[in-house]
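J.: Using only what follows, build the 3D model:
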Amino acid sequence: MITRYAAMNLLWCVPGVGGSEEYLLRQLDGLALITHNYQVDVFAPRGFCERHPRIAAAFTVYEAPSSCTRRAERIFLEHTWLAWRTREYQVVHHGGGSIPRFGNKHTLVTVHDVQWIDYPHYVAPVKLKYLNKMVPSSLQRAVRIAVPSRFVAGTLVRAFGIAPKKISVVRHGLESAFDGETTSSDALRRQFDLGSGPVLVYPAITHPHKNHVFLVHLMAGGQGRWGDPALRLICMGSQGSAHDGVVELIDTLGLGDRVVMTGRVSNADRNGLLAMAEAMVFPSEYEGFGAPVIEAMRYGTPVVCSDRGSLPEVVGDAGLVCPLENDAWVRALEAVKIRREELVAAGKDRARAFTSEISATELVEQYDLVLAAARGIR
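T.: Model prediction:
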């Protein structure tokens, strides 16, 4: 078997970047498990190996001379250090949604989402200007484009006129060890002062489009099961740009004892909270994929999500997909209680289609297509 050489650009993978980093890390987990003929080398910020020892043990990782926490610094390194180090690779995979203007032309770019097209008001002006300049150019220059869902693919075709045949879906996949460690429900109830009542979970960084305020207002409205004084809504995730507003709303509505903001939790605590939850509630206004819904299904937690972005595509018939209307979400919680066994079984079956091995296999197919294009094969 002839070894082929691919470079994966993860210079944008800095702490707090969120689900897009998880997507690529899980693909690397899959690449380490499946049979293929690529040597994949990783190019990452300084400190990456310490944060991700499992990846460092399985792959050759070249750390940049910087932590890349500033966008300007990362862009400079992509055009200099990265361009020079990857000039001889047969495929260069840029995982952060854009391609440097200089460097190896045999490129695959992963575009996780284009939220800024539909929700520009949620993006800082400087970042929005950068995206409007870099993304269209990157899409045109890429040999292949990988996206996590048909929803994102359709947006690229519609908004940028990209030929559909240039785009392929490479689904998100969960690593085999995802559900390996679980904190007990008793320990979690003590740790977060949850009482003995039912629990709902929402794992999401507090960015505006994640729509935490929708759930807070449901809790305050008191309709149906949402009005149960023993019910706890657990919001687990890092602080985003809307965090202070969400906390202020919780305080204003007097929900400090019913809405629990845990911050980012360990994998074991995440699994334990999923295991004890009556449902995962996911009212996001926009998702390029929405990995937490698959995580919940894998763990046997019923999913109630919005009908926005890629969520209907990802969830399919294995969860309750609702418009962002109070009455629909009140009815959904009642339906979860009645249909729990059915939803758990459907969710687990759905999650089997989203593994890191499947994701890695689809990624290798894209590497092959980049190589084919480089050789003039159509």
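J.: Ramachandran angles for M8?
T.: Note on M8: backbone dihedrals following degrees, to the nearest 10 are phi -110, psi 120.
J.: now it, nearest residue through space, not along the chain?
T.: The shortest distance from M8 to any residue other than its chain neighbours is 4.7 Å, reached at H93 (CB to CB, 6 or more residues apart in numbering). (C-beta placed from N, C-alpha, C; glycine too.)
J.: Give me the three-state assignment for that neighbour.
T.: When states are read from DSSP: H, G, I helix; E, B strand; the rest coil, the local structure at H93 comes out as strand.
J.: wouldn't it be in contact with Y5 here?
T.: No. No contact is recorded between H93 and Y5 when judged using CB atoms under 8 Å, the distance being 11.4 Å.
J.: More neighbours: which of those two?
T.: Residue environment comparison for H93 versus Y5 gives the larger neighbour count to H93, 27 against 14, counting by other CB atoms under 10 Å.
J.: For the more buried one, which residues are in contact?
T.: Residues in contact with H93 (CB atoms under 8 Å, 6 or more residues apart in numbering) are 6-9, 107-110, 363, 367.
J.: Let's see which of the residues you listed end up in strands.
T.: Using DSSP state E, the members of the contacts of H93 that fall within strands are 6-9, 107-110.
J.: Can you show me the helices along the stretch 51-200 of the chain?
T.: Along the stretch 51-200 of the chain, the segments classed as helices by DSSP state H, counting those that start in this stretch run 53-58, 71-77, 83-85, 115-118, 125-141, 150-160, 185-192.
J.: what does the stretch 201-350 of the chain give?
T.: Secondary structure of the stretch 201-350 of the chain (DSSP H, counting those that start in this stretch): helices at 212-221, 243-252, 267-276, 291-299, 311-315, 326-351.
J.: ok, and what's touching the second one?
T.: To tie it back to what came earlier, the one meant is helix 243-252. Residues outside helix 243-252 that contact it (CB under 8 Å, 6+ apart): 206, 212-213, 216, 235, 256, 259, 261.
J.: out of those, which one sits closest to Y62?
T.: Closest approach between these and Y62, by CB to CB: T206, at 33.7 Å.
J.: can you pull the contacts of the closest one?
T.: T206 makes contact with 212, 235, 237-243, 246 under the criterion CB under 8 Å, 6+ apart.
J.: Which of the contacts of H93 ranks first by neighbour count?
T.: L363 (29 neighbours).
J.: what's near enough to touch it?
T.: By CB under 8 Å, 6+ apart, the contact set of L363 is 27, 30-31, 93, 146, 170.
J.: mind running it again at 6 Å?
T.: 27, 170 (CB atoms under 6 Å, 6 or more residues apart in numbering).
J.: same thing with the one 3 residues further on?
T.: Neighbour list for Q366: 108, 144, 146, 168 [criterion: CB under 6 Å, 6+ apart].
J.: can you list these in CSV and add pLDDT?
T.: As requested, the contacts of Q366 are arranged in CSV below (pLDDT from 0 to 100):
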residue, pLDDT
L108, 97
R144, 97
A146, 97
S168, 97
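J.: now the residue nearest to T262 when sequence neighbours are not counted: how far from L188?
T.: Nearest residue to T262 in three dimensions, chain neighbours excluded: M236, at 4.5 Å (CB to CB, 6+ apart). M236 sits 11 Å away from L188, taking CB to CB, to the nearest Å as the criterion.
J.: A277 now?
T.: To L188, A277 is 10 Å away according to CB to CB.
J.: still on that earlier bit, let me have the contacts of helix 243-252 in JSON lines, adding distance to W116 as columns.
T.: Formatted as JSON lines, the contacts of helix 243-252 follow (distance: CB to CB, whole Å):
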{"residue": "T206", "distance to W116": "18"}
{"residue": "H212", "distance to W116": "20"}
{"residue": "V213", "distance to W116": "20"}
{"residue": "V216", "distance to W116": "25"}
{"residue": "C235", "distance to W116": "24"}
{"residue": "G256", "distance to W116": "33"}
{"residue": "V259", "distance to W116": "29"}
{"residue": "M261", "distance to W116": "26"}
